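K.L.:
Quick one, what's the 3D model for this:
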Amino acid sequence: MFSIYGMSGPLFRGTLEQLAQVREAARLRQAPALAGREDELGPELPASTPGRAALEAYRRVLHQDLERGPLYHAHQLMQRRLLCVQAADPVERAWRSLVQGSVHQAPVLEQGHLVGVVGERNLLTALNVDQGSVRDVLERRVADVMSSPVVTADPVTDIRRVAQVMLEFDVDGVPVVDAQGLLVGFISRGDILRAVLMDPPLSLWR
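P.N.:
The predicted model follows:
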């Protein structure tokens, strides 16, 4: 289940399919779908081909391995210790918070409620950085440069659907919000990549 939060609060709550139909989603660029592959092991071999028995045995083992693969949810991968910035913060303060926290993006709060996400790309529209030091800064607040509205996921959301939202909405992370509307975590592209590396059969993508 996904939601959209903006400056005025919750704007939408529904499935991934419903999300694609809302007006805010329709304005965003959609990434091309990945082409599916019927059989990565190639066509069937004649019965007389040497090694066919071994190949068929490998196919059966591979199929069983994929079938027993784990199903990840957002709450299993999300980061729970969050660095958040305030909508009213100056962009320079937000930049320093990201640098000190060694993160590339952060949820934005206003009076304790999620209203957007801000990342390095957003902040660089209002400041210049030279060799790690901030030089020129425009008089901007986080609210002026952040991405809002922002798509969020429920804690129990299939991670493959979270990844699909990242691709289709061209975002680097998705906040995780519980049924009461409270921010409980954040899941980034890096979190998904680490999950893939730590779970060798890539059943995450089956």
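K.L.:
ranges for the helices of this structure?
P.N.:
With DSSP state H as the criterion, the chain has helices at 16-19, 23-26, 52-67, 74-77, 91-101, 120-123, 142-145, 159-169, 189-198.
K.L.:
mean pLDDT lowest for which of these?
P.N.:
Out of these, helix 23-26 stands lowest, with a mean of 51 (criterion: mean pLDDT).
K.L.:
So which residues make contact with stretch 138-146?
P.N.:
Residues outside stretch 138-146 that contact it (Cβ atoms under 8 Å, 6 or more residues apart in numbering): 7, 85-91, 94, 108, 110, 115-118, 122-123, 125-127. Heads up, the C-betas are built off the backbone N, CA and C, glycines and all.
K.L.:
now with 6 Å?
P.N.:
85, 87-89, 91, 94, 108, 116, 118, 122, 125-126 (Cβ atoms under 6 Å, 6 or more residues apart in numbering).
K.L.:
Tell me what the residue lying closest to Arg13 once chain neighbours are set aside is bridged to.
P.N.:
Take Arg13 and drop its neighbours on the chain: the residue closest to it by Cβ to Cβ, 6 or more residues apart in numbering is Ser3, 4.6 Å away. Per DSSP bridges, the residues bridged to Ser3 are Arg13, Thr152.
K.L.:
and Ser3, how far is that from Leu19?
P.N.:
Distance of Ser3 to Leu19, computed by Cβ to Cβ, to the nearest Å: 9 Å.
K.L.:
Val117 contacts Ser148, correct?
P.N.:
No: counting by Cβ atoms under 6 Å, no contact exists between Val117 and Ser148, whose distance comes to 7.7 Å.
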